[in-house]
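Student: model this:
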Amino acid sequence: VQKEGKWGLLDKQGNVLCEPMYNDISNFQNGTAVAHLDNKAMLINTNGEVVKIYDYNQVERLPNGYAKVQKNNKWGFINPDGEEIVSPQFDAIQICSKEDIGEIRVGQKLGLITTEGKVICPAKYEDVRSFSEGITAVKINHKWGIINNDGVELVAPKYDDIEDCDDIIYVCKDGKWGYL
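Tutor: Numbering: from 1, shown residues only. The predicted structure is shown next:
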């Protein structure tokens, strides 16, 4: 329930379990949710009681139980037990793949990380496209190539553009298009 910009909890009958006091409350997973109060992240139970206070400004849980965490404007990862597995060091983390892989950003460079916090490749790319069927296009030094979801280079960055359409990878070099 929301009141005057703060969130609380009601049971299914509408009884107040926790008065609105939190800035936000995430969806519950396994009986707990992440709540934020005055720039502090915490884990609460279904009664709104604090189970754990995190040493992070922001915690965003992922479907697999791991979470992105922010401290001092840098992002990292914790495991489902709340243990830090990647210290906050990235300017941004964006999970946008059906394959549990996301982008990390340091300055203007992009890299790749799993939703379990394993860095696949460091932030060195100018651009990274979304993964599809285990591969993605990456751009470095103004040229496109292809890597797999383990970070292994499959096609060296030598193309001016790469497009994926209906299981065919189209490439452009010197204004001429072909396919791989």
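
Student: so residue 144 is in which element?
Tutor: strand 143-148 (DSSP states H and E).

Student: the residue most central in space within the chain - nearest residue in space that isn't next to it in sequence?
Tutor: Per Cα atoms, centre = their mean, the C-alpha nearest to the average position across the chain is that of residue 95, at 3.1 Å. Spatial nearest neighbour of residue 95, chain neighbours left out: residue 102 (3.6 Å); criterion: Cβ to Cβ, 6 or more residues apart in numbering. Yep, even glycine has a C-beta here, placed from its N, CA and C like the rest.

Student: residues in contact with that neighbour?
Tutor: With contact taken as Cβ atoms under 8 Å, 6 or more residues apart in numbering, residue 102 is in contact with 93, 94, 95, 96, 112, 113, 114, 115.

Student: what about the fourth one, how many residues close to it?
Tutor: Counted with other Cβ atoms under 10 Å, the burial measure for residue 96 works out to 10 neighbours.

Student: check whether it really touches residue 130, as I assumed.
Tutor: Yes. In terms of Cβ atoms under 8 Å, residue 96 counts as a neighbour of residue 130; the distance is 5.9 Å.

Student: just to revisit the earlier point, rebuild the contacts of residue 102 as CSV, extending it with pLDDT, distance to residue 69 and secondary structure.
Tutor: Output for those, formatted as CSV (pLDDT from 0 to 100; distance: Cβ to Cβ, whole Å; DSSP: H, G, I helix; E, B strand; the rest coil):
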residue, pLDDT, distance to residue 69, secondary structure
93, 92, 9, strand
94, 87, 14, strand
95, 82, 13, strand
96, 70, 18, coil
112, 92, 18, strand
113, 90, 13, strand
114, 86, 15, strand
115, 83, 13, coil
